[in-house]
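Participant: Pasting the sequence and the predicted model now:
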Amino acid sequence: MSTATRTKLAVIGDPIAHSLSPALHQFLIDYFHLPFSYESRRVLPEALPSVFAELRRGYRGVNVTIPHKQVILPLLDELSENAHATGAVNTVVFDEAVAYGENTDVAGFLQMMHLGGISLRGREVLVLGAGGAARAVIFALQQAGVSRIFVCNRSAPRLSDCESWMAAAIGVKYEIWLWHQLHERLLERRPEIIINATSAGMHPNVDESPLASRMLSPEATVVDLVYNPLPTKLLREARQAGARTVHGLNMLIVQGVASMEYWCGNHLEVEPALPAVQKTLLSKLASHV
Ligand code: NAP
């Protein structure tokens with residue numbers, strides 16, 4: 001099927017019922033009058049190769065979410081630099097002959113920071129977490145020219161994997177902190193920006209925060225990738241401490257817009273529509289809880 005006649009899009013993952021991607025992409029399809037339909041498909045790990053073969057025959061593209069973001073890599077013909085470096089793909093584009101993988105979380109994170117008015121160049125930044133989102137953030141921070149990255153994660157094995165990956169993929173100075181060292185190192189190093197790339201505080205664990213409130217101060221900007229709930233406990237406490245805060249909903253939106261730009265082949269100017277798309281997603285979130 002030729003690329004021009006491909007109009008079907010999907011998000012694949014498991015679980016998938018609570019994904020915000022269908023609501024986000026339907027908004028974009030309507031707002032930009034795009035000739036696509038978008039569906040969500042629950043794909044169990046063992047079904048991924050056969051579903052992928054079916055999708056590549058007739059779909060224009062897919063978003064990929066947990067648990068397929070890493071394991072899908074061998075099925076793809078080409079990877080972007082971001083996908084290759086982070087080892088994760090959240091967007092696939094199908095042309096007649098080629099299945100191309102991209103990780104739009106990298107650009108999504110940078111655009112979220114830009115929209116929040118936070119400059120990264122030359123800054124010292126703490127990343128909490130060492131999973132897929134943390135790697136996308138770390139790679140993005142390098143692209144943005146930060147001066148030093150501190151990485152701290154609850155489990156030592158995942159932190160050690162992330163350290164090995166950073167040694168190979170990251171050229172910026174970095175330090176690795178064990179979880180029990182977090183508060184002591186924070187007081188010593190005083191990073192200017194703190195980014196939560198863990199799932200701590202995410203619905204239903206809304207009373208969790210990765211950082212004790214006494215560690216928050218007006219000096220450090222606090223960013224939370226978690227967008228359900230809004231604000232998270234971490235961001236509420238950071239605001240109470242007088243800190244500038246950035247929530248993760250805009251990252252979700254702009255990484256989705258970046259996927260759509262790959263599929264439709266045009267730049268999509270989403271900034272004027274941000275309040276409307278935020279409202280759509282917040283009402284979707286409210287209907288989930
Ligand atoms: P992942 O690969 O499964 O990694 C999860 C990370 O969270 C691990 O580092 C894990 O540490 C840590 N963690 C989980 N529960 C914790 C807790 N109670 N306290 C401290 N650390 C905890 O997941 P991911 O893909 O990186 O996603 C992480 C979060 O980012 C999710 O909440 C996701 O929704 C969010 N996210 C948001 C966007 C966006 O567009 N805004 C994009 C991507 C991801 P251990 O190693 O100790 O288990």
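Facilitator: That came through fine.
Participant: And for Ala286, the neighbour number?
Facilitator: 10 (other CB atoms under 10 Å). C-beta coordinates here come from the backbone N, C-alpha and C atoms, glycine included.
Participant: do the same with His288
Facilitator: 10.
Participant: Average pLDDT for the helix or strand containing Val127, rounded please.
Facilitator: Here Val127, judged by DSSP states H and E, is contained in strand 124-128. Strand 124-128 carries an average pLDDT of 98.
Participant: and the residue in the stretch 101-250 of the chain positioned nearest to the ligand, how many neighbours?
Facilitator: At 2.1 Å from the ligand, Gly131 is the closest residue in the stretch 101-250 of the chain, using CB to the nearest ligand atom. Neighbours of Gly131 under the rule other CB under 10 Å: 18.
Participant: For the nearest residue to it once chain neighbours are set aside, which three-state class applies?
Facilitator: Among residues not flanking Gly131 along the chain, Arg158 sits closest, at 6.7 Å (CB to CB, 6 or more residues apart in numbering). At Arg158 the chain is in helix, as set by DSSP: H, G, I helix; E, B strand; the rest coil.
Participant: Which positions in the helix or strand containing Glu184 come out as buried?
Facilitator: According to DSSP H and E, Glu184 maps onto helix 182-189. Neighbour counts using 16 or more other CB atoms under 10 Å place 182, 185-186 of helix 182-189 among the buried residues.
Participant: cool, and stretch 275-289?
Facilitator: 277-278, 280-282, 284-285.
Participant: what does the chain put close to the ligand?
Facilitator: Applying CB under 6 Å from any ligand atom, we find that the chain lies next to the ligand at 105, 108, 129-134, 153-155, 158, 197-200, 202, 208, 210, 225-227, 248, 251-252, 255.
Participant: Narrow these to those that are buried.
Facilitator: 105, 108, 129-134, 153-154, 197-198, 200, 202, 210, 225-227, 248, 251-252, 255.
Participant: circling back to that earlier point, so among the buried residues of stretch 275-289, where is pLDDT lowest?
Facilitator: Leu285 (90).
Participant: quick one: that residue from Pro22, how far?
Facilitator: As for Leu285, its distance to Pro22 is 13 Å (criterion: CB to CB, to the nearest Å).
Participant: angle of the one helix or strand Gln143 maps to against strand 124-128?
Facilitator: Following DSSP H and E, one finds Gln143 within helix 132-144. For helix 132-144 against strand 124-128, the angle by axes from the mean of the first three to the mean of the last three CA atoms, to 10 degrees is 170 degrees.
Participant: From the chain's centroid, how far away is helix 132-144?
Facilitator: 10 Å (CA atoms, centre = their mean, to the nearest Å).
Participant: Kindly report the same for stretch 195-203.
Facilitator: 12 Å.
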